[in-house]
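Enquirer: curious how this folds, go ahead:
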Amino acid sequence: MSYQLIAQGDASDLRRIPDYQDHYREGDRGYLALDLLYTPSENIVEQLSNAIRAAGVERYSIERRADGLRINFQVAIKPLALIVAAIIGIAVLVFLLIAWRLFREVGPAGVVGWTIGAVVAIIVIVVAVTALIRAVRA
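Expert: Residues are numbered from 1 along each chain as shown. Predicted coordinates:
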């Protein structure tokens, strides 16, 4: 079985992934390769898996690689939008955990940075939920 490249891009293109849903029919198989600068921890992969499962994607697997992740999936009901929402959710969680850790290490001076981070996280969550709602309606 061979795969056909549908799109490629950088992190800013993650929100456009649901636009490629029309290239898949029910039953088709595909994968989303995420090239990262590090190997994700088992904990991150488990959290991502839980988020994808909670979003309703049933047929998928996640492979940890030295240069990132590969999320294999079989199309049932618009899984790309759900996978992207899960990825964004995990990214926000990781960001908040790092911001909290910095706040604890730096002290009160970190409040401003943490507040800015929280505002950014809320914006990302709103964008992710909006994308998910659009994908479900489509």
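
Enquirer: got the residue ranges for the strands in the chain?
Expert: Listed from the start of the chain, the chain has strands (DSSP state E) covering 29-35, 60-65, 68-74.

Enquirer: winner for burial among those strands?
Expert: Relative to the other members of these, strand 68-74 carries the highest mean neighbour count by mean count of other CB atoms under 10 Å, namely a mean of 18. C-beta: built from backbone N, CA, C; applies to glycine.

Enquirer: between strand 60-65 and that one, find me the angle.
Expert: When axes from the mean of the first three to the mean of the last three CA atoms, to 10 degrees is applied, the directions of strand 68-74 and strand 60-65 differ by 160 degrees.

Enquirer: which stretches of the chain have low pLDDT?
Expert: Counting by pLDDT under 70, the low-confidence segments of the chain come to 1-5, 10-11, 56, 76-82, 107-111, 114, 132-133, 135-138.

Enquirer: point me to the residue sitting closest to the centre of it.
Expert: Averaging the C-alpha coordinates of the chain gives a centre point, and the residue nearest to it by CA atoms, centre = their mean is Ile87 (1.2 Å).

Enquirer: with that, I have no additional questions.
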